[in-house]
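>>> Pasting the sequence and the predicted coordinates here, then a few questions.
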Amino acid sequence: MNEAAPVIDVRGLTKVYRTEEVETHALTGIELSIQPGEYIAAMGPSGCGKTTLLSILGLLETPSGGEYQISGTPVETLNAGERARMRNRHIGFVFQAFNLIGDLTVEENVELPLIYRGGIPRNNRRERVRAVLDEMGMSHRLRHYPGQLSGGQQQRVAIARALVGEPSILLADEPTGNLDSKSGEAVMELLAGLHERGATIFMVTHDPHYAHFAKRLIRLIDGQIVDDAETSETTFEAGLATH
C-alpha cells in the first residue's frame, strides 16, 4: 500500500435525506481511504448508496455528518466557492450520459474545465487539450461535434475532458452504461491504461466483469461498506454470484 498521504480520506460519513414524512439513510458510517494511484470499483444493488457516495466524493453533494478530506484539506471548512475550485482542480468526472455540449466542438468541450479554472492562456489551454485528445486517440476528431461521434468516441472525449485539468482523482459513474459491449470494453481498457500510468480512479459500476478491471473492490449494502478487498478471482466470482 502506498504510504503517501491519501487523495481522499473519509471517516464516519453519513448522508440522510429528509422529507416531511420520510427519513432515508443513504449512507451510514462510511470509512474509506484512497491512496494515490489506486483503482477502486464500488458495487452494490440499486439504492445501496454507491452513486450518493460518488457524488459526495465529487463535492456534488454535502454529507450529513462525518469527516471528509481531499489531499489533506477538510471539505467541511470550505465555502461554496472554495468547494467549486477544489472540485475543478482535484476531481475529474466521467458520467454514464457523457454530458457533452452539443453545439461545442470536441476541442471546445474538452477545454471547458480549463476555461472555468481561469488564468491559463488560450494557447496553453489548446496545447493541453490536443495532448489529452491525442492520448485518448481522438485528436483527429477535435473539430467534430458530439452528434457526429459514436457513443464510444463520445465517452473518450468525456474522459479527455475529465483528465485535461490533471485532477488528483478520476470519478467514473457507470462509464460503460450507455455503450455496447465492444465500446464498453474499449473504455475499460482505456481506464486500465490510465491507471497503469499513475491515475487514481474511483468507479461505480453494476457489472462484475468491469469491476474486475479495478485493483480494489468495495461493496455497499444499505448505505454501508460490507466488503473492501483487493480484486481476485474469488471476489470476482462472488460478485457474479450475488448480482
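Ah, there it is.
>>> Show me where this protein dips below the pLDDT cut-off.
1-3, 232-243 (pLDDT under 70).
>>> Give me the longest helix you can find in it.
helix 181-196 (DSSP state H).
>>> For that helix, which helices and strands make contact with it?
Counting contacts by 3 or more CB pairs under 8 Å, 6 or more residues apart in numbering; DSSP states H and E, helix 181-196 is packed against strand 39-43, helix 151-163, strand 169-173, strand 201-204. To be clear about C-beta, it is placed using only N, CA and C from the backbone, and glycine gets the same treatment.
>>> Now mean neighbour count too, for those, in a markdown table please.
Below are the helices and strands packed on helix 181-196 laid out as a markdown table (neighbours: other CB atoms under 10 Å):
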| stretch | mean neighbour count |
| --- | --- |
| strand 39-43 | 24 |
| helix 151-163 | 23 |
| strand 169-173 | 23 |
| strand 201-204 | 25 |
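>>> how about Leu194, what does it touch?
By CB atoms under 8 Å, 6 or more residues apart in numbering, the residues touching Leu194 are Ile159, Leu163, Leu170, Ile201.
>>> about what we covered before: quick one, which of the helices and strands packed on helix 181-196 gets closest to Leu27.
Across the helices and strands packed on helix 181-196, Leu27 has its closest neighbour in strand 39-43 (11.7 Å, CB to CB).
>>> residues making contact with the closest one?
34, 50, 53-54, 191-192, 195, 199-206, 208, 210-220, 231, 239, 243.
>>> Quick check: phi and psi on Thr52?
phi -60, psi -40 (degrees, to the nearest 10).
>>> Please confirm that Gly92 is located within a strand.
Yes - assigned with DSSP: H, G, I helix; E, B strand; the rest coil, Gly92 falls within a strand.
>>> which of the contacts of strand 39-43 are buried?
Buried subset of the contacts of strand 39-43 (neighbour count, 16 or more other CB atoms under 10 Å): 34, 50, 53-54, 191-192, 195, 199-205, 208, 210-220, 231, 239.
>>> mind listing what's buried in the longest helix of the chain?
Ser183, Gly184, Glu185, Ala186, Val187, Met188, Leu190, Leu191, Ala192, Leu194, His195.
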